[in-house]
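Visitor: Prediction below, plus the sequence it came from.
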Amino acid sequence: GENVEQHPSTLSVQEGDSAVIKCTYSDSASNYFPWYKQELGKRPQLIIDIRSNVGEKKDQRIAVTLNKTAKHFSLHITETQPEDSAVYFCAASECTSYGRLTFGQGTILTVHP
Amino acid sequence: EAQVTQNPRYLITVTGKKLTVTCSQNMNHEYMSWYRQDPGLGLRQIYYSMNVEVTDKGDVPEGYKVSRKEKRNFPLILESPSPNQTSLYFCASNGGTFSYNEQFFGPGTRLTVL
């Protein structure tokens, strides 16, 4: 089955800096890679996703890059703000298995004002 | 309001006492899943369902049962709970008209097994 590794487990940055979280996956059949954000005491929510037919996707201050050859993908947050502080999860799945999703271990991001 | 609901939100029980956590969605989603969240381990899928009467194991199915008799409901059953099932549980659904893959999570159920 799929295995997703996520690094780092914790990340501390100053407000305005950039933050990068990296994930690797094992199953070459995976072709859908979402990122979820979970604020303290809340449920996870999708913030951005990418499919294997593109290498990069951007939405305002967040972007995701994908390297299918190396089986890794990354989340980039620019101009970080204190409200970006949360736990971030990457995940991987095969689009033909819409209910099946494997998550990484999570990264606790802290943005210091 | 489109949502996924779970009950109860908090539960403290004892080893061996059967319990059920309910999950319901009002978005007519085809897919529903159960996850458990533990520190350092992320979200791990327990079971998922592709439609009524169609379910499959996720990564950590041992000690859990599920059923999908109606499209909107997907209860999680612990026949004989043990302390290692103490965790935060999330139900999720996906399969809407837009953003088919996006999983919508319920508010979570914090379970403690003594």
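Guide: Thanks, I have it. None of the values given here were measured: they were computed from a predicted structure. Numbering: from 1, shown residues only, chains lettered A, B, ... in the order given.
Visitor: Please tell me how far A:Ala19 sits from A:Glu79.
Guide: Separation of A:Ala19 from A:Glu79 (Cβ to Cβ, to the nearest Å): 10 Å. No exception for glycine: its C-beta is placed from N, CA and C like everyone else's.
Visitor: and chain A, which of its residues are near chain B?
Guide: A:1, A:6, A:9, A:32, A:34, A:36, A:43-46, A:49, A:89, A:91, A:93, A:95, A:98-106 (Cβ under 8 Å from any Cβ of the partner chain).
Visitor: hey, where'd the strands end up in the chain?
Guide: Using chain A here. Here chain A has its strands, by DSSP state E, at A:4-7, A:10-14, A:19-25, A:32-38, A:45-51, A:56-59, A:62-67, A:72-77, A:86-92, A:102-103, A:107-112.
Visitor: my bad, chain B
Guide: B:4-7, B:10-13, B:19-25, B:31-38, B:42-51, B:54-57, B:65-66, B:76-78, B:87-94, B:104-105, B:109-113.
Visitor: Paired strands for the fifth one, with orientation please.
Guide: What that stands for is strand B:42-51. According to DSSP bridges, strand B:42-51 has the following sheet partners: strand B:31-38 (antiparallel), strand B:54-57 (antiparallel).
Visitor: Same check on the first one?
Guide: Here strand B:4-7 has these sheet partners by DSSP bridges: strand B:19-25 (antiparallel).
Visitor: Please work out which residues outside the partner strand touch it.
Guide: For strand B:19-25, the external contacting residues (Cβ atoms under 8 Å, 6 or more residues apart in numbering or on different chains) are B:3-8, B:11, B:13, B:32, B:34, B:72-78, B:81, B:89, B:91, B:93, B:104, B:106, B:109, B:111.
Visitor: Buried only: go through the residues you listed for me.
Guide: B:4, B:6, B:11, B:13, B:32, B:34, B:72, B:74-76, B:78, B:81, B:89, B:91, B:93, B:104, B:106, B:109, B:111 (16 or more other Cβ atoms under 10 Å in any protein chain shown).
Visitor: Could I get the CA-only coordinates of stretch A:41-59 as CSV?
Guide: Taking Å, rounded to 0.1, in the frame of the first residue of the first chain, the C-alpha atoms of stretch A:41-59 are listed here in CSV:
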residue,chain,number,x,y,z
GLY,A,41,-9.1,22.0,18.1
LYS,A,42,-10.6,22.1,14.6
ARG,A,43,-11.2,19.7,11.8
PRO,A,44,-8.8,19.3,8.9
GLN,A,45,-9.6,21.4,5.8
LEU,A,46,-8.3,21.2,2.3
ILE,A,47,-6.1,24.2,1.3
ILE,A,48,-4.7,23.2,-2.0
ASP,A,49,-4.3,20.0,-4.1
ILE,A,50,-2.4,19.0,-7.2
ARG,A,51,-2.8,16.2,-9.8
SER,A,52,0.1,14.4,-11.4
ASN,A,53,-0.5,16.1,-14.8
VAL,A,54,0.9,19.4,-13.5
GLY,A,55,4.2,20.2,-11.8
GLU,A,56,3.1,23.3,-9.8
LYS,A,57,0.0,25.0,-8.6
LYS,A,58,-0.4,28.3,-6.8
ASP,A,59,-3.1,30.0,-4.8
